[in-house]
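1. quick one, fold the following:
(chains A and B)
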Amino acid sequence: DAGVIQSPRHEVTEMGQEVTLRCKPISGHNSLFWYRQTMMRGLELLIYFNNNVPIDDSGMPEDRFSAKMPNASFSTLKIQPSEPRDSAVYFCASSLNGNGYTFGSGTRLTVV
Amino acid sequence: QKEVEQDPGPLSVPEGAIVSLNCTYSNSAFQYFMWYRQYSRKGPELLMYTYSSGNKEDGRFTAQVDKSSKYISLFIRDSQPSDSATYLCALGDSSNTGKLIFGQGTTLQVKP
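-> This next block holds a predicted model:
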């Protein structure tokens, strides 16, 4: 099992550009979570899906953020337009029936 | 008030010391308690999982939950330099969605 796979590992972009982060969860897991981690705020839950359906997106900062899960093996988190304050490490995690998460290695996003 | 409070440290101890890491929480709906370990530039990994008050032991690690006081702890015996990492507590409610709320994380350094 390759675990949760995120891409890219690093992304540097200019303010105003669109950024798309990708995640492949562990096969068979039915829940997928997007988190953002910063020194100041720690790990913040942005959105999570259960059986590909968005359940709670109350953590999404604003309309510039959107997430999709078109099938059980793929999810995207998009920021459009990006701003410097979006700079953080974005983690994707998956789980089976809530029995603990498996995290990906994260995408380190820098918006300049 | 945050739902979960965790002292960010940093905590520095000599090799072989007993380490105590703690979190407090305010919402009595939390029923699942986990500890994650995060090495630098990596995703968090699940260390301990418990859902009842009392102690759970796994090798050098002991997780302790006191639901009446809304207080959870992780003890590390005979700490090793390889234990140097950030430790995050994570709490889940009974909704079975798998949604977790994380503490800020405590950075631990074990000096040889």
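2. mind exporting stretch A:14-30 as CSV, just the C-alpha atoms?
-> Extracted in CSV, the C-alpha atoms of stretch A:14-30 (Å, rounded to 0.1, in the frame of the first residue of the first chain):
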residue,chain,number,x,y,z
GLU,A,14,2.6,34.2,-7.6
MET,A,15,-0.2,36.0,-5.9
GLY,A,16,-3.4,35.8,-8.0
GLN,A,17,-2.6,32.5,-9.7
GLU,A,18,-4.7,29.4,-9.5
VAL,A,19,-3.3,26.6,-7.4
THR,A,20,-4.5,23.0,-7.6
LEU,A,21,-3.5,20.4,-5.0
ARG,A,22,-4.1,16.7,-5.6
CYS,A,23,-4.7,13.7,-3.3
LYS,A,24,-5.1,10.0,-3.9
PRO,A,25,-6.5,8.3,-0.7
ILE,A,26,-5.8,4.8,0.4
SER,A,27,-7.8,2.3,-1.6
GLY,A,28,-10.9,1.3,0.3
HIS,A,29,-11.0,4.3,2.7
ASN,A,30,-14.4,6.0,2.7
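3. in it, what counts as buried?
-> By neighbour count on 16 or more other CB atoms under 10 Å in any protein chain shown, the buried set for stretch A:14-30 is A:Val19, A:Leu21, A:Arg22, A:Cys23, A:Lys24, A:Pro25, A:Ile26, A:His29, A:Asn30. All C-beta atoms are positioned from the backbone trio N, CA, C, and that covers glycine.
4. so what pairs up with the fourth one in the strands?
-> Going back to what we said before, that points to A:Cys23. In this entry, A:Cys23 is beta-bridged to A:Gln6, A:Ser75, by DSSP bridges.
5. related to what we said a few turns ago, between the buried residues of stretch A:14-30, which is nearest A:Asn99?
-> Using CB to CB, A:His29 comes nearest to A:Asn99 of the buried residues of stretch A:14-30, at 9.6 Å.
6. for the closest residue to that closest one other than its chain neighbours, grab the count of nearby residues.
-> Take A:His29 and drop its neighbours on the chain: the residue closest to it by CB to CB, 6 or more residues apart in numbering or on different chains is A:Ser94, 3.9 Å away. Using other CB atoms under 10 Å in any protein chain shown, the number of residues around A:Ser94 comes to 26.
7. residue ranges with poor pLDDT in the chain?
-> Unless you meant another one, I'm taking chain A. For chain A, applying pLDDT under 70 flags the ranges A:1.
8. switch to chain B, that's the one I care about
-> B:1, B:95-97.
9. chain A contacts on that one?
-> Within chain B, the positions adjacent to chain A are B:32, B:34, B:36, B:41-46, B:49, B:88, B:90, B:92, B:96-105 by CB under 8 Å from any CB of the partner chain.
10. swap the cut-off to 10 Å and go again
-> Neighbours of chain A within chain B, by CB under 10 Å from any CB of the partner chain: B:2, B:4, B:6, B:8, B:32, B:34, B:36, B:38, B:41-49, B:86, B:88, B:90, B:92-105.
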